[in-house]
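# missing the sequence, but the structure's below:
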């Protein structure tokens, strides 16, 4: 029985009379976007916290948007992504004085999620960019950990687990840093969200990381990359992801000759007994002439053909072992 | 362009969404496109955050080190300078101002708006540009109807900013837009009346006025003393009367989300079915000895290079202006 | 400097896509899209255009005839159509310059073609002088000789119409290596057969286009100024069925001049053009500029920026 819980992380651009725009351009485009995802067979939808007001505007309310998803074969909105990629004087996870404001923002986001079927993950970017945070010391990591312990307790009251997604250009990126972060956070409140490409770029093996933190893992971004950061691109101000001189495009859909070993990860996931959602993501798929529609279709093909086979093999190995 | 009128080109049509107009080489290509089209001066449009690095002053300086550094960047593409910068204080500046929602119509916001004009004034002056072009007030659908007091409050904010721009040696131009709460010609007149003519001018956008139901040629002729800046663009549609009041008009009206479902309002000069009498308008500018900048723009409309080139052809072929 | 005083004028070669409501379309899609195209070409400063000769059917159908189409071009402020590119369907059974039995067929094709185009004055009719590489190999001296004989005769025909027959060597055609090119030209009559230097095609084939030009400057009747970021390796040049689109080395062979990481030394090229006293047209081309996220409008503007700000500083 192939894995059915695949969710899609809300990145999309489509042609409009005003050039290539996100589908929130207007309701008709948003409908078409949902239908395309539905046709491919996604049943979960992850989105950004700042899109919730837009969807409420277009569909009457956030639950109204979720109902539209459900009319199109989705089970529910599965995750909300919240982030402060660029530290400002108002919000910066490594600056304790801004924690109240961040917690207030999270409270607002949770309020916007009221009435939904059951969002599972409150995915956060634990820090802002490396170059705005450095030097990254043990204390820095502990301050950041305190913030997410606080937020994690709050979100759990609303049925969501705060789960941490580490960018290659974030302040917490190496294995030792990740380990200290996980040690400093409360396993009851703060979880791990494994983005395969981000870790790979930062030189960390995502599969090993999953093995070591299996009990804290509540989700994944299945996305690929063709580059390990070998030029300290992660410190490029002001935007490492877009402006690294050596690499114009970091992220790719699965199955296009990238570095991540998805079949191996799939087997690891099956063996571990993890039964949550698996999420597909390919940010900025339009770079170099790509298209989101095609990238997503190709990724789903990969899931249905390559990963399904890996999953079946893993399950039969488990059966055989019994 | 070789002409007695001073022509500039607006870069906003390349910045179609959050994070696509960021890499310097992409911006160089746009600048070279503008230059190849015969324009050596550009207008910038302020934004917010690290991806608005050819838009928001603080981020421009972070990218290029100094005003001269930025001008050097432009000159690599043979673009010589900046005519103006557009700023909407109602658009929340997420990163610089903590996502504050402000309005010139709200007296409680006046001080903050005046304070936050500083980085923009400094930048416009620092790069040798001439005008800070501003959206005088937010969208009509968001605010209660304005009375004389309301218009005066808005004018007061701009008078205060006008003092700053004047002290910095630059101009301040209030830019009419078809969604704004100052909507009818009477309201615009009242706003102009309440502002100091010595420091506060009017930025006449031919398409925005047309959409808003005001004839740009007639308006220019009767207000030529106050018009200090021009945006030259076309439209195929005029508001049928109350469309600008639809809730969420930025999306429901201007992106076709509702109503007549018109998904693109602004077009390049010479477009089929264009409503603006561009030739008449430019002739009026010449007759009145207009000395400000004429900024050609097309907002978001598909392929930005294509729009710039079609605009350039119109200037050369239909208006007879040599490159 | 007016156009009349300039030594060099610039023509744009017929490759274009714009975004239509039903996907990307070329400029021949409709009169409206043609007008938009011509406006953009003129706006950035080109003086004229080149076309593929198979466009003649659309010129008849949509515009009346080549002369009428040229009027439309002129109405948009461009001078004329300068060159036409004769893109023949080479076939070793009936149309292959290295196979003498097919020569009469080729000659008849040119008699008819020149007749059709005669209502306007072209400068050059440009040809790929050989079939695709994989249809001609092994490239022998005899085959080069027969090819040369074919074009000598064609050149006589075109000369009768005041048009130069000129050879453009794709990296995937039979005559693309330096020795083969030299041998081929040694068998041609310079009065009837000219060389048309495509900077990118030669570069891709591993030839320095500047050196090639300098050696043959007296018989060069025009140029395609375009750039590339790759040299062909391995079997790229003989990849069935289409090297240009399907060769493994890259998905995008051609770029506009002025592209970063380009391999062609245009400054040296322009200097050589000046040194040899070439006057007349340089054609700019960037086939398939819309691949990998590119766009024709922008590439065309960039190429003109480069011509104006870099090359015209050397020679105009």
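Done, it's in. These numbers were taken from a predicted model, which means no experiment stands behind them. Residues are numbered from 1 along each chain as shown, chains lettered A, B, ... in the order given.
# can you give me the helices in the chain?
Answering for chain A, as no chain was given. In chain A, the segments counted as helices under DSSP state H are A:27-40, A:52-59, A:62-71, A:99-112, A:130-133, A:138-157, A:175-184, A:196-201, A:206-212, A:240-243, A:262-272, A:292-302, A:308-321.
# if you could check chain B rather than the one you did, that'd help
B:24-36, B:57-64, B:67-75, B:94-97, B:110-116, B:118-126, B:148-167, B:185-194, B:206-211, B:216-223, B:249-252, B:278-287, B:304-313.
# tabulate these (a markdown table), appending mean pLDDT, mean neighbour count and distance to residue C:38.
The C-beta positions use only the backbone N, C-alpha and C, and glycine is treated the same way. Below are those laid out as a markdown table (pLDDT from 0 to 100; neighbours: other C-beta atoms under 10 Å in any protein chain shown; distance: least, C-beta to C-beta, whole Å):
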| stretch | mean pLDDT | mean neighbour count | distance to residue C:38 |
| --- | --- | --- | --- |
| helix B:24-36 | 93 | 22 | 16 |
| helix B:57-64 | 93 | 20 | 37 |
| helix B:67-75 | 98 | 17 | 29 |
| helix B:94-97 | 77 | 20 | 43 |
| helix B:110-116 | 96 | 16 | 46 |
| helix B:118-126 | 98 | 20 | 38 |
| helix B:148-167 | 97 | 20 | 43 |
| helix B:185-194 | 98 | 18 | 39 |
| helix B:206-211 | 98 | 26 | 25 |
| helix B:216-223 | 98 | 18 | 29 |
| helix B:249-252 | 92 | 18 | 35 |
| helix B:278-287 | 98 | 17 | 20 |
| helix B:304-313 | 94 | 28 | 8 |
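# can you lay out those as JSON lines showing distance to chain A?
What follows is the helices of chain B, written out as JSON lines (distance: least, C-beta to the nearest C-beta, whole Å):
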{"stretch": "helix B:24-36", "distance to chain A": "8"}
{"stretch": "helix B:57-64", "distance to chain A": "6"}
{"stretch": "helix B:67-75", "distance to chain A": "14"}
{"stretch": "helix B:94-97", "distance to chain A": "5"}
{"stretch": "helix B:110-116", "distance to chain A": "14"}
{"stretch": "helix B:118-126", "distance to chain A": "14"}
{"stretch": "helix B:148-167", "distance to chain A": "23"}
{"stretch": "helix B:185-194", "distance to chain A": "27"}
{"stretch": "helix B:206-211", "distance to chain A": "14"}
{"stretch": "helix B:216-223", "distance to chain A": "22"}
{"stretch": "helix B:249-252", "distance to chain A": "6"}
{"stretch": "helix B:278-287", "distance to chain A": "21"}
{"stretch": "helix B:304-313", "distance to chain A": "7"}
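# for those helices, give me CSV that also has distance to residue C:48.
Formatted as CSV, the helices of chain B follow (distance: least, C-beta to C-beta, whole Å):
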stretch, distance to residue C:48
helix B:24-36, 17
helix B:57-64, 39
helix B:67-75, 30
helix B:94-97, 49
helix B:110-116, 52
helix B:118-126, 42
helix B:148-167, 47
helix B:185-194, 47
helix B:206-211, 33
helix B:216-223, 36
helix B:249-252, 44
helix B:278-287, 27
helix B:304-313, 15
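# any idea which of the helices of chain A is most buried?
Most buried of the helices of chain A, by mean neighbour count (mean count of other C-beta atoms under 10 Å in any protein chain shown): helix A:196-201, with a mean of 26.
# mean confidence for that one?
Mean pLDDT, computed over helix A:196-201, is 98.
# who touches it?
Residues outside helix A:196-201 that contact it (C-beta atoms under 8 Å, 6 or more residues apart in numbering or on different chains) are A:165-168, A:205-206, A:209, A:220-225, A:227-229, A:234, A:250-252, A:258-260, A:262, A:265.
# tell me, what residue is most central in chain A?
Centroid check for chain A by C-alpha atoms, centre = their mean gives residue A:221 as the closest residue, at 5.0 Å.
# show me the beta-bridge partners of that one.
For residue A:221, the beta-bridge partners are residue A:195, residue A:279 (DSSP bridges).
# tell me the contacts of it?
A:9, A:165, A:193-198, A:279-281.
# again, only this time at 10 Å
Residues in contact with residue A:221 (C-beta atoms under 10 Å, 6 or more residues apart in numbering or on different chains) are A:9, A:46, A:79, A:81, A:123, A:165, A:193-199, A:206, A:251, A:278-283.
# for residue C:206, same thing?
C:171, C:176-178, C:231-233, C:237.
# how about 6 Å then?
residue C:231 (C-beta atoms under 6 Å, 6 or more residues apart in numbering or on different chains).
# what does the one 10 residues further on give?
Residues touching residue C:216, when contacts are defined by C-beta under 6 Å, 6+ apart, comprise residue C:195.
# so it versus residue A:299, what's the distance?
52 Å (C-beta to C-beta, to the nearest Å).
# burial measure for residue 91, as a count.
Since no chain was named, I'll use chain A. 21 (other C-beta atoms under 10 Å in any protein chain shown).
# wrong one, I was asking about chain C
13.
# next one: residue A:98
Residue A:98: 19 neighbours (other C-beta under 10 Å).
# okay but it is in contact with residue A:88, surely?
No - look at residue A:98 against residue A:88 with C-beta atoms under 6 Å: they stay out of range, at 8.3 Å.
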